[in-house]
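# Here's a sequence, model it:
(chains A and B)
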Amino acid sequence: MKTIWFHLMPYPELPDDFTSEHRSVWVDIDPGLFDPRVGHRMYNEYIDELEFAASVGFDGVGINEHHSNAYGLMPSPNLIAATLARTCPDAALVVLGDSVALYNPPIRVAEEFAMLDCISGGRLVAGFPVGTPMDTLYAYGNNPATLRERYHEGLELILKAWTADDVFSFNGKYSKLRYVNCWPRPVQQPHPPVWIPGGGSIDTWEWCARSGYSYLYLSYFGYKAAMKTMQGFWKCVEEAGRPANPFQAGFAQFFGVADSEAEAIELYREPAEYFFNRCLHVYPGFADPPGYKTLATVRNGAEGMVERAAREASERAEQAAKKAERKAAQQSFSAASHMSFEQMVEKGYVIVGNPDQVAEKTIEMAKQLRIGHVMSLCHFGNMSRDLAMHNTELMATKVLPQIRHLWDDEWEDHWWPTPLPAADRMVPSPRPTVSR
Amino acid sequence: MIDQVQWKAGSLEIWREGDGPTVGYLHGMVCAPGRQPFVPELAGRGFRVVAPSLPGYSRTSPSADIRNIHDWVFALSEIIDVAGLAGAPMVASSTGAMLALELAAVRPEAFSSLVLVAPLGLWREDRPVADPFSTTLSGQRALLTKDPAATALFFEDSASGDLLVDATIQRYTARTATASLVWPIPEFGLAERIHRVSCPVTLVWGSDDQIIDPSYADVFVSQVRDVRGRHVVNGAGHLAEWDDPRAVASLAAAAIA
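Have a look, this model is predicted:
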């Protein structure tokens, strides 16, 4: 099993009264809350943490893209990845990823990813999320009715740009390019491994299963709540007639490791409560714009609602609908607000404990979800750099050795980068000393 | 009577009600053929009301070809031909009114006259049009009419089982169609074309419109060539013909006559 040290880069100084005085951490968060001096410190510390994770033995470092968002301060993950490509010489660069529909034309993604693959010597994982409604529709103004079509067309363009032998014309509905000619080209051939981060869209499961892409479920709500989604994905893999290779799937999980469980609870309580109670304070009105979900997903939800209504025959359909709306709201980002740390641990949002406990729960999680890639969040909320590095070191030195073996004797990871041989890979050259 | 007519790759739903001179009704952000009180109210005043459902609404198929305002206007142009509404008077509401104006700007003979209920299509920096989709479903419902109960036919379900699933899908598809029209800002350059609208226009606005401020009527009056009337329906919201079908039908009937 591969473990990727994943960073969201949350803003660490949201005020204590944030949830009562502000309606959302995303889209319309008060720009006055951002202090560029904090930003300067934060970005540099976060890059330190990613570099440290790579140096202590994580298989990869992971980053993603968000906009107008205080818990995810990477509008451009490629900028961070370019830094890491130079300073993390062996780890995979897992960019999860570039939201294709937000790039106009999307050939820009093909170019920048190819640059990253060249700089890193073939260590890029190319992630292509549709993107959340907050990012794509509200912050970037994409139309929900055409977002997914635009996304799929953009991805088709990118893959073709990486693999075509000749310059070609691309006459799409959204991108019309007379000359497509991606320079540079990626080191990995035919192209870097494609990972698709997603939520619970049935169409995405089917598409990943059919196309052979790796599916990443980036939930913040723990492995216990992820079972239904991952079962849905694996059912699609089975129906597509493909082997149930765990490396075709991944999951994001928060971790807090310490010498004892009691110490872990003490150390990680505040940053977890900061993240779940402040950073996920998203106005529910941004969560479900019409057109964002596919009709198959809407139908699935409606059928589930009908089944529930049938079970509760005395309940009127309208009441069932309202109940479903309430339940959906409870499952939304803001639902975690006002939850205690004990509840977060109990629900599996955060795996905490001593290294043996964390390893045991991680293996249980990986087996239950059948995943070969763990996106481990060892920094969360307002965690200090020192604590993040402590957590990271314990995870790398005492947990990873206990979990790394999982799946390796049964399955091959076809979704991991295939870099140039180490001897052929460039490393930053030492700077010559210049006398002044 | 509600017909399904073959149109493009799917079908077009057309509701016809009453006898007399033909007048069209083009719905706004919500649509409930056969049940919406405004159509019989207008028909009862001596008209044959023809009310097509736009692509994605009710039982008119959504069209994958519709990606931008140009596609929408072209679709409406075809629909009024298919529905026999070309050259007839048209009562149009909200997003439908925006589309009717856009079509009248490129095809001035499309309508003999227009009664527009709170048309979208223009933009004032000092009074931006509200975003009906930065809210929950119940929040959106509260924005559209003064009395949220007025749109119960669209937002609530009386069906069960498979019919409830169908109704949920239909509502989602309709809301998606509206989103495709107004997202992110319902302004596509109409101000540069509106001078070409040559038919007589009557403006109707709900006094409590929370989507587009009634003062937008001033802008339309200043930009549309032949505004014959301007009316406010007290106690009505954005979809005034849902809040007060009788008052809007009376105003429309008088304007058409």
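# Now do the contacts for the closest residue to residue A:87 other than its chain neighbours.
In space, and not counting its chain neighbours, residue A:87 is closest to residue A:51: 5.0 Å by Cβ to Cβ, 6 or more residues apart in numbering or on different chains. (C-beta placed from N, C-alpha, C; glycine too.) Contacts for residue A:51 (Cβ atoms under 8 Å, 6 or more residues apart in numbering or on different chains) come out as A:84, A:87, A:88.
# Surely the first one is within a helix?
Looking back up the chat, that one is residue A:84. Yes: per DSSP: H, G, I helix; E, B strand; the rest coil, residue A:84 lies within a helix segment.
# pLDDT score for it?
Looking at residue A:84, its pLDDT reads 98.
# what number of residues lie near it?
By other Cβ atoms under 10 Å in any protein chain shown, 26 other residues sit near residue A:84.
# ok, the longest helix along chain B near chain A or not?
Ranked by number of residues, the top helix in chain B under DSSP state H is helix B:161-182. Yes: counting by Cβ under 8 Å from any Cβ of the partner chain, chain A is contacted by helix B:161-182 at B:161-162, B:164-165, B:168-169, B:172-173, B:175-180.
# after the lengthiest helix in chain A, next one along is what?
In terms of residue count, the longest helix belonging to chain A (DSSP H) is helix A:36-55. Going down the chain from helix A:36-55, the next helix or strand is strand A:60-63, by DSSP states H and E.
# Now do the strands in the stretch 51-200 of chain B.
B:89-93, B:113-117 (DSSP state E, counting those that start in this stretch).
# Go through these and name the closest to chain A.
Checking the strands of the stretch 51-200 of chain B against chain A by Cβ to the nearest Cβ gives strand B:89-93 as the closest, at 18.7 Å.
# Could you tell me how many residues sit around the nearest residue in space to residue A:129 that is not next to it in sequence?
In space, and not counting its chain neighbours, residue A:129 is closest to residue A:197: 4.4 Å by Cβ to Cβ, 6+ apart. As a burial measure, residue A:197 scores 24 neighbours (other Cβ under 10 Å).
# Would you mind giving the secondary structure of residue A:197?
With three-state DSSP as the criterion, residue A:197 reads strand.
# isn't residue A:23 right next to residue A:283, touching?
Yes: Residue A:23 is within contact range of residue A:283, at 4.9 Å (criterion: Cβ atoms under 8 Å).
# Counting neighbours, go ahead and name the busier of these two.
Between residue A:23 and residue A:283, counting by other Cβ under 10 Å, residue A:283 is the more crowded of the two (22 against 16).
# Show the pLDDT at the more buried one.
Confidence score, pLDDT, at residue A:283: 96.
# quick one: average pLDDT of the longest helix of chain A?
Mean predicted confidence for helix A:36-55 is 98.
# For that helix, buried residues please.
For helix A:36-55, the neighbour count (16 or more other Cβ atoms under 10 Å in any protein chain shown) marks A:42, A:43, A:45, A:46, A:47, A:49, A:50, A:51, A:52, A:53, A:54, A:55 as buried.
# could those go into TSV alongside distance to residue A:10?
TSV is the format used below for the buried residues of helix A:36-55 (distance: Cβ to Cβ, whole Å):
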residue	distance to residue A:10
A:42	9
A:43	12
A:45	12
A:46	9
A:47	14
A:49	12
A:50	14
A:51	18
A:52	18
A:53	16
A:54	20
A:55	22
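# List the residues that contact residue A:351.
A:253, A:254, A:255, A:256, A:358, A:361, A:362, A:365.
# Out of the residues you listed, which sit inside strands?
Among these, the members falling in strands (DSSP state E) are A:253, A:254, A:255, A:256.
# Could you give the bridge partners of the last one?
With DSSP bridges as the criterion, residue A:256 is bridged to residue A:352.
# Next to chain A, which bits of chain B? Give me the list.
Counting by Cβ under 8 Å from any Cβ, chain B sits next to chain A at B:64, B:67, B:133-139, B:156-162, B:164-165, B:168-169, B:172-173, B:175-180, B:183-184.
# Name the SS class of residue A:435, please.
coil.
# number of nearby residues for it?
3.
# ok, now how distant is it from chain B?
Noted for residue A:435: a distance of 58 Å to chain B, by Cβ to the nearest Cβ, to the nearest Å.
# What does the pLDDT read for that residue?
Looking at residue A:435, the pLDDT reads 80.
# so who does it touch?
Taking Cβ under 8 Å, 6+ apart as the definition, residue A:435 has no contacts.
# backbone phi and psi for it, please?
phi -80, psi 140 (degrees, to the nearest 10).
# go on, residue A:341?
Dihedral angles for residue A:341 - degrees, to the nearest 10 - are phi -60, psi -40.
# May I ask you to confirm that it is in contact with residue A:269?
Yes: using Cβ under 8 Å, residue A:341 and residue A:269 qualify as a contacting pair, with a distance of 4.4 Å.
# Those two: which has the busier surroundings?
residue A:341 (21 against 18).
# so how far is residue A:254 from the more buried one?
11 Å (Cβ to Cβ, to the nearest Å).
# So for these two, which residues contact both of them?
A:272, A:350.
# what's the average pLDDT for the one helix or strand residue B:50 maps to?
Using DSSP H and E, residue B:50 falls within strand B:48-52. What strand B:48-52 shows for mean pLDDT is 98.
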